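Visitor: Sharing a sequence plus its predicted fold:
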There are 2 protein chains.
Amino acid sequence: MLTISARRLTDVATSIFTAAGATPENAQGVVSSLVDANLAGHDSHGVIRISAYVKDIREGRLDPKATPVVVRETASTAVIDGGTTFGQVSSRMAADLAIRKARAASLAAVAANHCHHTGRIGEWTERVAAAGLVGMATTAGPRGPQSVAPFGGAKGALGTNPMSWAIPRAAGHPPVLMDYATSAVAQGKLQVARAKQEPVPDGCIIDAAGKPTNNVEDFFAGGLLLPFAGHKGYALSVVVELLSVGLSAGDKVPAGERAGTVLMVAIDPGAFRPAEEFTKYVESVVARLKAIPPAPGFSEVLVPGEPEARTRATRQREGIPVPERTWEGIEATARELGLSVAA
Amino acid sequence: MLTISARRLTDVATSIFTAAGATPENAQGVVSSLVDANLAGHDSHGVIRISAYVKDIREGRLDPKATPVVVRETASTAVIDGGTTFGQVSSRMAADLAIRKARAASLAAVAANHCHHTGRIGEWTERVAAAGLVGMATTAGPRGPQSVAPFGGAKGALGTNPMSWAIPRAAGHPPVLMDYATSAVAQGKLQVARAKQEPVPDGCIIDAAGKPTNNVEDFFAGGLLLPFAGHKGYALSVVVELLSVGLSAGDKVPAGERAGTVLMVAIDPGAFRPAEEFTKYVESVVARLKAIPPAPGFSEVLVPGEPEARTRATRQREGIPVPERTWEGIEATARELGLSVAA
């Protein structure tokens, strides 16, 4: 395992995407998201993706020069056409538009379609919460990869369809943050497990024959992910797809083009009660949770989002751990673009 | 097990709540919700609650004559003071107000505080979906019963904090419906298990000492519920409380009064794309899911909400199964009010 600073990863990734044809705005947009995912500890949505993105640029599935465009709009809603550029760029635009509209209209929802990979959606709910609003984000694709079996099913029908919520806390505190895939494990986490050559926990994947397995290679050989918590994760997954794809009209994106979608909702607590009272209440809940004695085997009760915040503090200070295999892939991609990089 | 028609249960329950002092509107409102919960198969939120509600009326914790009042309002939001009447009455008002506002403003959120038990929240998202809108509902209380341990914690800190979503389908089809507690099992389901004297599945409850158990009596002797799926259910539970209580200002309800809260969100798909295109897409997802071959041990893949819809059809035709112990409780409550009922 190498340890590389966020600054260094940002420089390397920016030079790679710029050499691959990205506009300065798009390169900055996607790189800040990838490195922030690593800082938050969600390595599956971090720099491990660089090589695949560049491959998609080269093969015409990702337009690094496109600018997302608002194609439909009301006072409280909008739909964005992402033009198959980096999904992080379209998602950030959707989040910022939802923030602006919610400040005027109390709540707002903005959907984006025609997106390449949308990355770690917790970044966008954190962004909404940093603006003092409650944020919800979902992301899904209308036509796969359908790598998740429905509850009770033997073939893939759903994506990993994550949902995130963030609730603003008092100034100086990162938000209460929920952010997870509705599959038992995110597909990106399997890429990490594969890179690290580690086994997968029980209940996460089945092989091509539908049998439970812990061997991550079985997944990449035609296996499937399972929804988390059986019918509960399955129901949430279906909701995430119907919201993200359904409201963004991602199903209308021409066949053969990347049709990733995202839905962003922002709610202004100040429309319901004085904002400072809302914050005071949120802090009282945090205090209540932190005061609970730990169960055997735990050292403390964490508030949702604390693991990410702690990992971010540590990695900003000490650097980001990057598996050799991931770094070799980044180096190879850089070389192919005529760049020379070294950890 | 007795089998009693929805009609008969409605008549008996209405006479009981009327005798207990409810206005005709409130009696009709709470009874239709209780019986509908039974019809949907969620017996834990059905007529099993009658005796406890009447006890709460008698002891001053439930005002059967109060009318909920809108206390704060914008074009797209509102807060309702439920006046400690039946939570179902305030929730229905919140759902109807959210529908009306979302039709005008594309999306809307209405919160209610000061509620007695809010019942089965799937009823309200179904109601929003029946109006052609996407619905979300959450419910929670600001101060207990905190019967759920946080992930990694040894004492109770959260309620069972359910979340529901419903997505409208084509005319004639019940909506795609997600509706569940964020605890591994709803507390009402434990009352059903107790009434039926059945064991509780693994991973649902711990006893007063924090140890896993299958004996439902251990829960009622000071035990706790666990969140579903560990940290995932825990995070969703915290979000549900912060949304429901935080936006409704339920934490401001005077100590000693029932402070149940609900949040209702309605989103108009027609603000994002032509409504008929949205419906066509939803139907395509339903068709995709139904076409997946079943895994070993399953006979078919169900769409979320199908179990409720099938149970409703069966029970409307054949009657509602009611455990003897539940019926005896209803009969005893009726007798105390000077009524005479018989199955």
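Guide: Thanks, I have the structure now. Given the structure is predicted, the values throughout are model-derived calculations rather than measurements.
Visitor: residue closest to the middle of chain A?
Guide: Nearest to the geometric centre of chain A sits residue A:120, at 1.6 Å (C-alpha atoms, centre = their mean).
Visitor: and the gap between that one and chain B?
Guide: Between residue A:120 and chain B the computed distance is 15 Å (C-beta to the nearest C-beta, to the nearest Å). Placement of C-beta: from N, CA and C, glycine included.
Visitor: That residue is in contact with residue A:39, isn't it?
Guide: No. Using C-beta atoms under 8 Å, residue A:120 is not in contact with residue A:39; the gap is 10.2 Å.
Visitor: and stretch A:68-88, does that touch chain B?
Guide: Yes. Shown here: stretch A:68-88 in contact with chain B (C-beta under 8 Å from any C-beta of the partner chain) through A:72, A:74, A:75, A:76, A:77, A:79.
Visitor: nearest residue to the fourth one other than its sequence neighbours?
Guide: Looking back up the chat, that one is residue A:76. Counting by C-beta to C-beta, 6 or more residues apart in numbering or on different chains, residue A:76 lies nearest to residue A:105, which is 4.1 Å off, once chain neighbours are set aside.
Visitor: Am I right that that neighbour is in contact with residue B:105?
Guide: Yes. Distance between residue A:105 and residue B:105: 7.0 Å, which falls inside the contact criterion (C-beta under 8 Å).
Visitor: Now for those two: what residues contact both?
Guide: By C-beta atoms under 8 Å, 6 or more residues apart in numbering or on different chains, residue A:105 and residue B:105 have these common neighbours: A:75, A:76, B:75, B:76.
Visitor: For the helix or strand containing residue A:124, buried residues please.
Guide: According to DSSP states H and E, residue A:124 maps onto helix A:122-130. Residues A:122, A:123, A:124, A:125, A:126, A:127, A:128, A:129 are the ones in helix A:122-130 that count as buried (16 or more other C-beta atoms under 10 Å in any protein chain shown).
Visitor: mind checking pLDDT for residue A:144?
Guide: According to the prediction, residue A:144 has pLDDT 68.
Visitor: er, residue A:223 actually
Guide: Per-residue pLDDT puts residue A:223 at 91.
Visitor: what residue ranges in the stretch 51-200 of chain A score low on pLDDT?
Guide: The stretch 51-200 of chain A contains residues with pLDDT under 70 at A:144.
Visitor: Enumerate the residues of it near chain B.
Guide: Contact residues, the stretch 51-200 of chain A versus chain B (C-beta under 8 Å from any C-beta): A:72, A:74-77, A:79, A:105-109, A:111, A:134, A:142, A:149-155, A:157, A:165, A:167, A:176-178, A:180.
Visitor: Please list only the buried members of the residues you listed.
Guide: Listed as buried from those are A:74, A:76-77, A:79, A:105-109, A:111, A:134, A:142, A:149-154, A:157, A:165, A:167, A:176-178, A:180; burial here means 16+ other C-beta under 10 Å.
Visitor: quick revisit: residue contacts, the residue nearest to residue A:76?
Guide: Contacts of residue A:105 were listed using C-beta under 8 Å, 6+ apart, and they are A:75, A:76, B:75, B:76, B:105.
Visitor: before we move on, the earlier item: can you list the shared contacts of residue A:105 and residue B:105 in TSV and add distance to residue A:93 and secondary structure?
Guide: Converted to TSV, those look like this (distance: C-beta to C-beta, whole Å; DSSP: H, G, I helix; E, B strand; the rest coil):
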residue	distance to residue A:93	secondary structure
A:75	18	coil
A:76	17	coil
B:75	25	coil
B:76	22	coil
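Visitor: from the residues you listed, which is closest to residue A:192?
Guide: residue A:76 (38.2 Å; C-beta to C-beta).
Visitor: Which residue lies closest in space to residue A:30, excluding its sequence neighbours?
Guide: Leaving aside its chain neighbours, residue A:30 sits nearest to residue A:86 (4.0 Å; criterion: C-beta to C-beta, 6+ apart).
Visitor: give me phi/psi at the one you found?
Guide: Backbone torsions of residue A:86, given as degrees, to the nearest 10, read phi -50, psi 130.
Visitor: Quick one: residues contacting it.
Guide: A:22, A:26, A:29, A:30, A:33, A:53, A:62, A:64, A:116, A:117.
Visitor: quick one: the second one and residue A:20 touch, right?
Guide: Read it as residue A:26. No. Counting by C-beta under 8 Å, residue A:26 sits too far from residue A:20 to count as a contact (10.3 Å).
Visitor: overlap in contacts of the two?
Guide: Common neighbours of residue A:26 and residue A:20, using C-beta under 8 Å, 6+ apart, are residue A:64.
Visitor: quick one on the thing from earlier: would you mind giving the contacts of residue A:105 as a markdown table with distance to residue B:307 added?
Guide: Formatted as a markdown table, those follow (distance: C-beta to C-beta, whole Å):
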| residue | distance to residue B:307 |
| --- | --- |
| A:75 | 39 |
| A:76 | 34 |
| B:75 | 37 |
| B:76 | 33 |
| B:105 | 33 |
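Visitor: all helices of the stretch 1-150 of chain A, in order?
Guide: Per DSSP state H, counting those that start in this stretch, the stretch 1-150 of chain A carries helices over the ranges A:6-19, A:24-39, A:50-58, A:87-105, A:122-130.
Visitor: looking at those helices, which is closest to residue B:264?
Guide: Here helix A:87-105 is closest among those (C-beta to C-beta), at 17.3 Å.
Visitor: from the chain's centre, how far out does the closest one sit?
Guide: 16 Å (C-alpha atoms, centre = their mean, to the nearest Å).
Visitor: got the angle between that helix and helix B:87-105?
Guide: 100 degrees (axes from the mean of the first three to the mean of the last three C-alpha atoms, to 10 degrees).
Visitor: List the buried residues in helix A:87-105.
Guide: For helix A:87-105, by 16+ other C-beta under 10 Å, it's A:87-99, A:101-103, A:105.
Visitor: could you give the angle of it to helix A:24-39?
Guide: Helix A:87-105 and helix A:24-39 meet at an angle of 90 degrees, taking the same axes, to 10 degrees as the criterion.
Visitor: out of everything not next to it in sequence, what's closest to residue A:19?
Guide: residue A:337 (4.1 Å).
Visitor: Contact partners for the residue lying closest to residue A:236 once chain neighbours are set aside?
Guide: Once flanking residues are discounted, residue A:236 sits nearest to residue A:182: 4.8 Å by C-beta to C-beta, 6+ apart. Going by C-beta under 8 Å, 6+ apart, residue A:182 touches A:148, A:158, A:160-163, A:227-228, A:233-234, A:236-237, A:240.
Visitor: at 10 Å instead, please
Guide: A:138, A:140, A:148, A:158-163, A:225, A:227-229, A:232-241, B:232 (C-beta atoms under 10 Å, 6 or more residues apart in numbering or on different chains).
Visitor: how long is stretch A:178-188 from one end to the other?
Guide: 18 Å (C-alpha to C-alpha, to the nearest Å).
Visitor: how about the strands in chain A?
Guide: Taking DSSP state E as the criterion, chain A carries its strands at A:2-4, A:69-73, A:77-81, A:107-115, A:134-140, A:163-167, A:176-180, A:205-206, A:212-213, A:224-225, A:260-267, A:320-322.
Visitor: does residue A:131 really touch residue A:100, like I thought?
Guide: Yes. Contact criterion C-beta atoms under 10 Å: residue A:131 and residue A:100 qualify, at 9.0 Å.
Visitor: any residues in contact with both of the two?
Guide: Residues touching both residue A:131 and residue A:100 (C-beta under 10 Å, 6+ apart) are residue A:266.
Visitor: Could you pull up the contacting residues of the closest residue to residue A:85 other than its chain neighbours?
Guide: Excluding its sequence neighbours, the residue lying closest to residue A:85 (C-beta to C-beta, 6+ apart) is residue A:66, at 3.9 Å. By C-beta under 10 Å, 6+ apart, residue A:66 lies in contact with A:22-23, A:26, A:81-86, A:89-90, A:114, A:116.
Visitor: Can you say which two of these are spatially most distant?
Guide: Among those, the pair separated by the greatest distance (C-beta to C-beta) is A:22 and A:81, at 18.3 Å.
Visitor: Neighbour count for those two, which is higher?
Guide: residue A:22 (27 against 19; other C-beta atoms under 10 Å in any protein chain shown).
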